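Peer 1: Make a model of this:
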Amino acid sequence: MSKLVTRQNRTKKLLLLVLFILAMLFVIFMSSIGNINSDRRLPSLSIKNTDIAVRGEIISKDSFVLSKSIKLYKATIFLKCLDQDKLSLFAKLFSIYSGIDQRTIKSKIKKKIKAGKMGTMVLSYNIGAKKAEHLKQLGRKLLQLGVFKSTKIRGHKLIIGLDIKVTGEKRVYPYGDSFAPLLGYTKKYENKKNITRVKGYKGLEQRYQKYLSAYKNGILKGERDLLSNIVLNGATKQRYASNGAQLHLTIPLRLQKNIEKIIDFYKKKLGAKEIIVSVMRSDTGEILSLASSNRYNPQNIKRDKIRAGHLGLNAVSYAFEPGSVMKPISISWVLQNRLIKKGEKIKAHNRSIKNLFGSFGQGRYKIGKHTITDDHKFDKKELTVRDILVHSSNIGTLILAQRLTGKQFLDGYKKFGFATKTGIDVAFEQKGLIHSLRQYSMGEKAGADNIFKATDSYGHGITTTFIQILKAYTVFNNGGLMTTPKVVDYIEIDGEKIEIQSKKPVRVLDKAVANHIKDILIDVVQSGTGQNTYMKNIQIGGKTGTASIPRAGRYTKNYNSSFFGFANDNRNRYTIGVTVRQPGYHTGDKHNYYASKSAVPVYHKIVKALVVLGFLSEEN
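Peer 2: Numbers count the residues shown, from 1 in each chain. Prediction:
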């Protein structure tokens, strides 16, 4: 009996010993797992290098890179491989190549070693491409100097030295604020793999986000050798990086920069809130310049500007009352509908007797409770269509506009592209506002004058965008055809060009009607409100427009002034627009609010720049 008890006791002790050994083995196993997952993580025997592809470039017509992404890198070392006797040498050399203070580097490394954290340590996260290349060279030198020694990992001897890896990308704009706000800007974010990426906001960066960000990373994966290089053999997997698409613009940098200088000068001189300018090929719609005096560096944007919404392209997003630049459009539509007789004259509605200065004074025309006047004091009682446009008569324009039915009037403005987007390839384009068919038709059956047709005909009471007017004016310089503006010439993906086809021009006016208005617009420059734009041997025509800015249902003493027209030589035809927003806004001096004193001088300088830079020739 005692022997049986003794055996049972031995069995229990043996069982407890086995359980204890198993428990200890489990603790050791869990401890090793913890070490692997901790800061002491060990490198794998295989290695995978990712070549980060980046967002595509935006390139000017004359091949200058306007927007590009550069890679960001991080520098790491495996502390277990660092020879601590050569720590000072490492810190000194790394400091020289990276620009980071050697005392800071040394202190951080010592702190890690003291804490027993001998795994991978990040020395810097924000290293540019040039420094990264130099640090890679340093890494090779450090191995030669024996700064790193081999260590045994899972039975294999490895030397893991200074490692430089890509952490993401950063968007840069080599020409600062040039081309802003057309280019737009980007914001950075971290993807699921902790890689820093950028996304387009506003302008072309947003409009072409899908193409610019169509990148594929490159991969090189294989076994690790003693020096931590990838062994190239049959098991190695490789895929080359493919960056995002390149956008090639229709706009040359040299012209854009020159125009930006011109409008910067005039913004200061006129004290304007903003000056907007565009030059477009009348026959194709290709934009050669789309410039604003209100620019910013997309690389250095303050948050308050983003919150305040000051970063948009006002050429497409700011809707305003255009003023008298609408008169050629309104009158051309009356001509198109054959509602003006050849040689017909329109009553000026001015005084019956000449004053001491030889004029009949300003015309006055009443519609209901509204009295409409002319600024120009005519020396005649009746006006031709040429007189009405050359001297910008509100009364002559509204009288002709009354001959159109409400439907004809609305159809005309829609035919010219108002109250609809132009189709320009830029984000956030606005439509503007015109009145409804019901409003344009009021009083029609009774034969009464319509106030909506009256005011809208000379550009008051409606809103348009700068780019809508520019597009509409291509009709007069293109034989009645209207072209759609575009700023991207083609997209390049992996060396393959994808042409952005110009949209087919749309017939708006008969050629004879368009050419008749064009001849009158040339007269505006030679003897009317646009005289200061005249240049010998260049065919220039256009129309001024000055409109008070409404606020809270009333017109203020703040104005927008414009000149839209064309400039041609024997081989080139350009449609050009200038809008000066609120002359005197910054100075309080509002004497130059008329377009003839603000937009016209800017227009003249733009045409001169086109000649000087070879886009127009005075030879013929």
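
Peer 1: Identify all contacting residues around stretch 589-602.
Peer 2: When contacts are defined by CB atoms under 8 Å, 6 or more residues apart in numbering, stretch 589-602 is touched by residues 262-263, 266, 270-272, 275, 277, 323-324, 529-533, 544-546, 557-559, 561-563, 578-580, 583-584. All C-beta spots, glycine's among them, are computed from the backbone N, C-alpha and C.

Peer 1: Can you tell me the SS state at the nearest residue to P322 once chain neighbours are set aside?
Peer 2: Once flanking residues are discounted, P322 sits nearest to G459: 4.3 Å by CB to CB, 6 or more residues apart in numbering. Under DSSP: H, G, I helix; E, B strand; the rest coil, the three-state class of G459 is coil.

Peer 1: and G459, how many residues sit next to it?
Peer 2: Look at G459: counted by other CB atoms under 10 Å, it has 27 neighbours.

Peer 1: Residue ranges of each domain in the chain, please.
Peer 2: As given by automatic domain parsing, the domain ranges for the chain are 46-244, 253-303+311-612.

Peer 1: I'd like the distance from the last one to the chain centre, please.
Peer 2: In terms of CA atoms, centre = their mean, to the nearest Å, the centre of domain 253-303+311-612 is set 24 Å apart from its chain centre.

Peer 1: Of the domains of the chain, which shows the lowest average pLDDT?
Peer 2: With a mean of 87, domain 46-244 has the lowest mean pLDDT of the domains of the chain.

Peer 1: How far off centre is it?
Peer 2: That offset, for domain 46-244, works out to 29 Å (CA atoms, centre = their mean).

Peer 1: All the strands of the stretch 451-600 of the chain, in order from the start?
Peer 2: 464-465, 481-482, 488-493, 496-499, 506-507, 539-551, 554-568, 573-581 (DSSP state E, counting those that start in this stretch).

Peer 1: do the same with the stretch 201-350 of the chain
Peer 2: 218-223, 237-239, 246-249, 274-281, 287-292, 319-320, 346-347.

Peer 1: can those strands go into JSON lines with extra columns for distance to K354?
Peer 2: Shown next, in JSON lines, are these (distance: least, CB to CB, whole Å):
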{"stretch": "strand 218-223", "distance to K354": "83"}
{"stretch": "strand 237-239", "distance to K354": "86"}
{"stretch": "strand 246-249", "distance to K354": "56"}
{"stretch": "strand 274-281", "distance to K354": "40"}
{"stretch": "strand 287-292", "distance to K354": "46"}
{"stretch": "strand 319-320", "distance to K354": "37"}
{"stretch": "strand 346-347", "distance to K354": "16"}
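
Peer 1: I'd say I353 and F360 touch.
Peer 2: Yes. Between I353 and F360 there is a contact at 7.4 Å, judged by CB atoms under 8 Å.

Peer 1: neighbour-wise, which of the two wins?
Peer 2: Of the pair I353 and F360, F360 is the one with more neighbours under other CB under 10 Å, namely 18 against 7.

Peer 1: show me what contacts that one?
Peer 2: F360 touches 348, 350-354, 377-381, counting by CB under 8 Å, 6+ apart.

Peer 1: Could you rerun that using 6 Å?
Peer 2: 350-351, 354, 378 (CB atoms under 6 Å, 6 or more residues apart in numbering).

Peer 1: Please apply the same query to G323.
Peer 2: G323 sits in contact with 459, 545-547, where contact means CB under 6 Å, 6+ apart.

Peer 1: Make a markdown table out of these and add distance to D85.
Peer 2: Below are the contacts of G323 laid out as a markdown table (distance: CB to CB, whole Å):
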| residue | distance to D85 |
| --- | --- |
| G459 | 82 |
| G545 | 80 |
| T546 | 81 |
| A547 | 80 |
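
Peer 1: Among those residues, which pair sits farthest apart?
Peer 2: Pairwise distances across the contacts of G323 (CB to CB) peak at 9.3 Å, for the pair G459 and T546.

Peer 1: Buried deepest among the domains of the chain, which one?
Peer 2: Among the domains of the chain, domain 253-303+311-612 has the highest mean neighbour count (mean count of other CB atoms under 10 Å), at a mean of 20.

Peer 1: what's the first-to-last distance across it?
Peer 2: 15 Å (CA to CA, to the nearest Å).

Peer 1: Now N478. Nearest residue, chain neighbours left out?
Peer 2: Per CB to CB, 6+ apart, closest to N478 is S282, 4.8 Å.

Peer 1: wait, doesn't that neighbour sit right on I576?
Peer 2: No. Under the criterion of CB atoms under 6 Å, S282 makes no contact with I576, lying 9.6 Å away.

Peer 1: As a check, name the ranges of all strands in the stretch 1-150 of the chain.
Peer 2: Using DSSP E, counting those that start in this stretch, strands in the stretch 1-150 of the chain cover 46-51, 58-59, 65-78, 120-127.

Peer 1: on that earlier part again, of the domains of the chain, which approaches E618 most closely?
Peer 2: Of all the domains of the chain, domain 253-303+311-612 comes closest under CB to CB, at 4.2 Å.

Peer 1: From one end of stretch 524-542 to the other, what's the distance?
Peer 2: Using CA to CA, one end of stretch 524-542 lies 7 Å from the other.

Peer 1: contact partners of that stretch?
Peer 2: Against stretch 524-542 from outside (CB under 6 Å, 6+ apart): 390-392, 518, 521-522, 543-544, 563-568, 596, 600, 603-604, 607, 616, 618.

Peer 1: Please apply the same query to stretch 171-184.
Peer 2: 66-67, 69-70, 186, 198, 200, 202-206, 257, 290, 295-299, 311, 313.

Peer 1: Kindly recompute the last result at 7 Å.
Peer 2: 55, 58, 65-70, 186, 198, 200-206, 253, 256-257, 260, 290, 292, 295-299, 311-313, 487 (CB atoms under 7 Å, 6 or more residues apart in numbering).

Peer 1: For S60, list the residues it contacts.
Peer 2: 66, 249, 251-253.

Peer 1: which one among those gets closest to K117?
Peer 2: Taking CB to CB as the measure, K117 lies nearest L66 of the contacts of S60, at 45.2 Å.

Peer 1: Need the nearest residue in space to that closest one, chain neighbours excluded.
Peer 2: Nearest one to L66, counting by CB to CB, 6+ apart, is I58 at 4.9 Å.

Peer 1: Tell me what that neighbour is bridged to.
Peer 2: Beta-bridge pairing for I58 (DSSP bridges): S67, L247.

Peer 1: show me what contacts it?
Peer 2: 66-67, 183, 204, 247, 249.

Peer 1: could you dump the residues you listed to TSV with distance to L87?
Peer 2: Below are the contacts of I58 laid out as TSV (distance: CB to CB, whole Å):
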residue	distance to L87
L66	45
S67	42
L183	47
L204	49
L247	48
L249	52
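
Peer 1: joint contacts of S282 and I576?
Peer 2: By CB under 7 Å, 6+ apart, the residues touching both S282 and I576 are F566.

Peer 1: thinking again about what came up before, out of the strands of the stretch 451-600 of the chain, nearest to M118?
Peer 2: strand 488-493 (46.2 Å).

Peer 1: Okay, now the sheet partners of that closest one, with direction.
Peer 2: Sheet partners by DSSP bridges: for strand 488-493, these are strand 246-249 (antiparallel), strand 496-499 (antiparallel).

Peer 1: Redo those strands as CSV? Include distance to K511.
Peer 2: Supplementary listing: the strands paired with strand 488-493 in CSV, determined by distance: least, CB to CB, whole Å:
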stretch, distance to K511
strand 246-249, 31
strand 496-499, 28
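
Peer 1: can you tell which of the ones you listed is closest to Q468?
Peer 2: Per CB to CB, nearest to Q468 of these: strand 246-249, 21.2 Å.

Peer 1: Please report how far R571 lies from Y534.
Peer 2: Using CB to CB, to the nearest Å, R571 is found at 21 Å from Y534.

Peer 1: any idea how far K497 is from F179?
Peer 2: The value you get for K497 to F179, if CB to CB is used, is 22 Å.

Peer 1: again, but for L610
Peer 2: 18 Å.
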